[in-house]
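> Compute the structure for the input listed below.
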Amino acid sequence: MSEFRTVQSWVLQRLGHQCRSPELFVSALTHRSFGGKHNERLEFLGDVVLSFVVSEWLYRTFPEADEGLLTRYRAHLVNGETLADLAVQVGLGDRLNLGGGELKSGGFRRRSILADALEALFGALYLDGGVEAAKRCIEPLLQSRVQALPSLVALKDSKTRLQERLQGVGLPLPVYTVEAVSGEPHEQVFRVRCEIAAQGLVTQGIGPSRRRAEQLAAEEALGRLA
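Next up, the predicted model:
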């Protein structure tokens with residue numbers, strides 16, 4: 001019972017929601033490594049809830065935007081990096097129930113675990129209070145990011161811009177290769193090679209994920225093609 005009260009207090013303080021079914025939120029904050037009822041089913045639901053809330057919000061906020069721009073805006077807002085940042089912002093890692101192995105390996109800092117748990121919380125919010133409760137939590141968390149959304153051109157990532165640039169002059173697409181992965185599981189560093197054979201150009205990107213390293217390698221290639 002004390003765990004329920006603690007979680008109720010945390011959810012009210014950090015998310016502004018008064019829990020009616022605190023057991024939902026205990027499950028949302030429980031990783032499968034802990035045993036018992038964990039958060040994977042709630043994560044599945046929360047992913048859909050988040051996508052709907054953001055889609056409807058963007059539809060209302062940008063009445064002149066076409067489907068393509070709305071889709072790009074949603075992808076910019078609804079992704080693992082953003083969710084992990086928001087999870088850190090609300091201090092979610094301190095409330096996670098993790099198994100001994102995950103605790104020892106720093107699972108409470110692992111960005112994928114944080115992002116998944118935040119989605120699980122959104123699922124719990126929906127079940128506990130409906131769509132309106134989810135909106136009241138999600139929109140304030142993303143408000144500043146929605147206000148700072150870039151133009152469509154700026155929104156295109158480096159890999160997309162590099163691909164379009166090469167296609168525009170009839171050149172083959174670049175080839176990305178992971179050259180090395182180092183570091184602990186929760187703090188991995190990826191080194192990726194980007195090769196544009198037709199130009200004899202090779203660049204490298206180093207980042208906390210393969211995707212980020214690829215983007216950095218593409219960004220360098222764009223600069224060298226200028």
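> Return the set of buried residues in stretch 88-100.
Buried residues in stretch 88-100, counted by 16 or more other CB atoms under 10 Å: Val90, Leu92, Gly93, Arg95, Leu96, Asn97, Leu98. (Glycine included, C-beta is placed from N, CA and C.)
> Let me know the average pLDDT across stretch 48-56.
On average, the pLDDT along stretch 48-56 is 97.
> And the contacts of that stretch?
Identification of contacts with stretch 48-56 by CB atoms under 8 Å, 6 or more residues apart in numbering yields 70, 74, 77-78, 119, 122-123, 125-126, 131, 134-135, 138-139, 142.
> cool, and stretch 125-132?
For stretch 125-132, the external contacting residues (CB under 8 Å, 6+ apart) are 15, 17, 19-21, 24-25, 42, 45-46, 49, 52-53, 133-134, 137.
> now with 7 Å?
With contacts defined as CB atoms under 7 Å, 6 or more residues apart in numbering, stretch 125-132 is touched by His17, Cys19, Arg20, Ser21, Leu24, Leu45, Val49, Ala133, Ala134, Cys137.
> Tell me the spacing between the fifth one and Tyr59.
When you say that, I think you mean Leu24. The gap separating Leu24 from Tyr59 is 28 Å, by CB to CB, to the nearest Å.
> what about those two, which has more around it?
Of the pair Leu24 and Tyr59, Leu24 is the one with more neighbours under other CB atoms under 10 Å, namely 23 against 12.
> tell me, which helix in the protein spans the most residues?
As assigned by DSSP state H, the longest helix anywhere in the chain is helix 111-147.
> just the contacts of stretch 48-56 now: which is nearest Arg211?
Among these, Val78 lies closest to Arg211 (CB to CB), at 15.0 Å.
> can you pull the contacts of the residue most central in space within the chain?
The centroid of the chain falls nearest to Gly80 when counting by CA atoms, centre = their mean (1.7 Å). Gly80 sits next to Arg111, Ser112, Ala115 when contact means CB under 7 Å, 6+ apart.
> Make sure Thr203 is actually in contact with Ala217.
Yes - the criterion here is CB atoms under 7 Å, and Thr203 meets it with Ala217 at 4.9 Å.
> From the contacts of stretch 125-132, keep the buried residues only.
The neighbour count (16+ other CB under 10 Å) marks His17, Cys19, Leu24, Leu45, Val49, Ala133, Ala134, Cys137 as buried among the contacts of stretch 125-132.
> Confirm that the first one sits in a helix.
Meaning His17. No - assigned with DSSP: H, G, I helix; E, B strand; the rest coil, His17 falls outside any helix and is coil.
> what's Thr177 sitting at in phi/psi?
Taking degrees, to the nearest 10, you get phi -130, psi 130 for the backbone angles of Thr177.
> can you check the one 4 residues further on too?
Taking degrees, to the nearest 10, you get phi -130, psi 130 for the backbone angles of Val181.
> Then Pro150?
phi -80, psi 170.
> List the contacts of it.
By CB under 7 Å, 6+ apart, no residues touch Pro150.
> Against Arg41, how distant is it?
For Pro150, the distance to Arg41 - CB to CB - is 35 Å.
> what's the answer for Val146, then?
Relative to Arg41, and taking CB to CB, Val146 is found at 28 Å.
> residues touching Cys137, list them.
Going by CB under 7 Å, 6+ apart, Cys137 touches Leu15, Gly16, His17, Leu125.
> The first one - how many residues pack around it?
Think Leu15. 23.
> Out of the contacts of stretch 48-56, which is nearest to His31?
Glu119 (12.8 Å).
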